[in-house]
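**Student:** Fold the stuff below for me.
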Amino acid sequence: MKKQMGFSVEMLLPETPVILLAKDLLPSQIEQLQQMQASHTAILLRAAGIPSLITDYSEAEEGHKAILDAHSGVIVTNPSEKDIQKAEERKREDLEQQHIAADRRFEKALTRSKKQIRVFANVTDVHSAQAAREEGAEGIGLLRTEFLFKEKKPTFEAQREAYEAIFSLFDDVTVRTLDVGGDKRLPYLTLPKEENPFLGIRGIRLFKTHPQLMEEQLYAIFAAAKGRPLKVMFPMVSSVEEFIEAKAFACKTAGKHGLDIASIRFGIMVEVPSVLFLIPDFNKVVDFYSIGTNDLTQYLFAIERTHPSLKVDEHSPVVFDAIRTIVELSEKPVSICGELAGDPKAIGRLLKIGMETLSVSPRSIAAIKELIRHF
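**Tutor:** Residues are numbered from 1 along each chain as shown. Okay, the predicted model is just below:
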């Protein structure tokens, strides 16, 4: 069954260094490359520290040398000796910078003007949360709950124990409620077949289609919190009414089980473009915002981010204008947890816009902190 669901397919890898070409990678295959839990393919690979590209590899031939340059976003086939030397030098420089950043990973990230930028972590389970702590994270800016239990439906106790273990590691934790649909599927969760799943039953819409599942998750989250401060955010929110209904559902769940959630704050992932026009209204009801640039970008351009030929320009002025709009109109705390937050090329522009809290992959924390110190 696991193989049929695509969770335990093993690969036969050679002993020598290789560049793996694939139309897609299953979570179990990425675990084999680097022993860790699952997420979106690209996000998971980055978290594992494995260089990766989504590109046309038709010119690459098996058995031939190639250079995978994830920094520049290119793959060089049949490289010359000079190309190889340059790549090796770049690799040595990167390692030196990594060592410098690692030595200062527990220090605050202060800009040259002494403004502190908080650097949090995006995590999927207790192992990545522990890694984030070791890498110098100041908190968890995004706990992707859908990847805690990828193979079978979790019991209430299993969920509560997992959340407790993660919550115990940090004082500042933001939990995202179950976000499936689109390119995220769970084998035990039946979703309707849709012509375009990215525009269908996703995120917060599960409260209406699978209320029992959402109630159990919220119950486990609240029970694990044990009255401590916690942030809970709802994904794929497109209207104020959706948020109000979801929060009411959460409060009703807490009341049903006799749990005190006075110290829990509720917010939204900003990833649907309609939210940009509703910030003044959202200010009246939410406690915080977290910008999810991955989905926000693909919805702004109407291009699936994993599309084989159409490419989304993540550094487009449109994306940064959208982020600026949120920051300028918001009357509540704003953080950013998309892949853009961990992109060295974007840090300067994000700081200029006024972002003060970034949430990135655990492996990126030290490097991003060090980069911030140069602005």
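**Student:** number of nearby residues for residue 109?
**Tutor:** Counted by other C-beta atoms under 10 Å, the residues lying close to residue 109 total 23. The C-beta positions use only the backbone N, C-alpha and C, and glycine is treated the same way.
**Student:** Residue 147 contacts residue 123, doesn't it?
**Tutor:** No - counting by C-beta atoms under 8 Å, residue 147 does not reach residue 123; the two are 9.3 Å apart.
**Student:** The two: who's more crowded?
**Tutor:** Applying other C-beta under 10 Å to residue 147 and residue 123 shows that residue 123 carries more neighbours, namely 31 against 22.
**Student:** What are the neighbouring residues in contact with that one?
**Tutor:** Residues near residue 123 by C-beta atoms under 8 Å, 6 or more residues apart in numbering: 129, 131-132, 140, 142-144, 166, 362.
**Student:** Quickly list what it is bridged to.
**Tutor:** Note on residue 123: beta-bridge partners by DSSP bridges are residue 143.
**Student:** Kindly state the pLDDT recorded for it?
**Tutor:** Looking at residue 123, its pLDDT reads 95.
**Student:** Strands along the stretch 251-375 of the chain, start to end?
**Tutor:** 264-270, 288-291, 334-336, 357-360 (DSSP state E, counting those that start in this stretch).
**Student:** Reformat the contacts of residue 123 as a markdown table; add pLDDT and distance to residue 278.
**Tutor:** Formatted as a markdown table, the contacts of residue 123 follow (pLDDT from 0 to 100; distance: C-beta to C-beta, whole Å):
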| residue | pLDDT | distance to residue 278 |
| --- | --- | --- |
| 129 | 96 | 32 |
| 131 | 94 | 36 |
| 132 | 97 | 32 |
| 140 | 98 | 27 |
| 142 | 98 | 22 |
| 143 | 97 | 25 |
| 144 | 93 | 25 |
| 166 | 97 | 31 |
| 362 | 94 | 33 |
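**Student:** Single out the most deeply packed of the strands of the stretch 251-375 of the chain.
**Tutor:** Of all these, strand 357-360 carries the top mean neighbour count, a mean of 27, counting by mean count of other C-beta atoms under 10 Å.
**Student:** Quick one: mean pLDDT over that strand.
**Tutor:** The average pLDDT within strand 357-360 is 98.
**Student:** For it, which helices and strands make contact with it?
**Tutor:** Where contact means 3 or more C-beta pairs under 8 Å, 6 or more residues apart in numbering; DSSP states H and E, strand 357-360 is packed against strand 116-123, strand 140-144, strand 334-336.
**Student:** Just put those in a markdown table and tack on distance to residue 104.
**Tutor:** A markdown table is the format used below for the helices and strands packed on strand 357-360 (distance: least, C-beta to C-beta, whole Å):
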| stretch | distance to residue 104 |
| --- | --- |
| strand 116-123 | 12 |
| strand 140-144 | 20 |
| strand 334-336 | 22 |
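**Student:** helix or strand for residue 166, which one?
**Tutor:** Taking DSSP states H and E as the criterion, residue 166 maps to helix 156-167.
**Student:** which residues touch that helix?
**Tutor:** Contacts to helix 156-167, defined as C-beta under 8 Å, 6+ apart, come from residues 123, 125-126, 129, 140, 143, 148-149, 154, 173, 175, 216-217, 219-221, 223-226, 228, 230.
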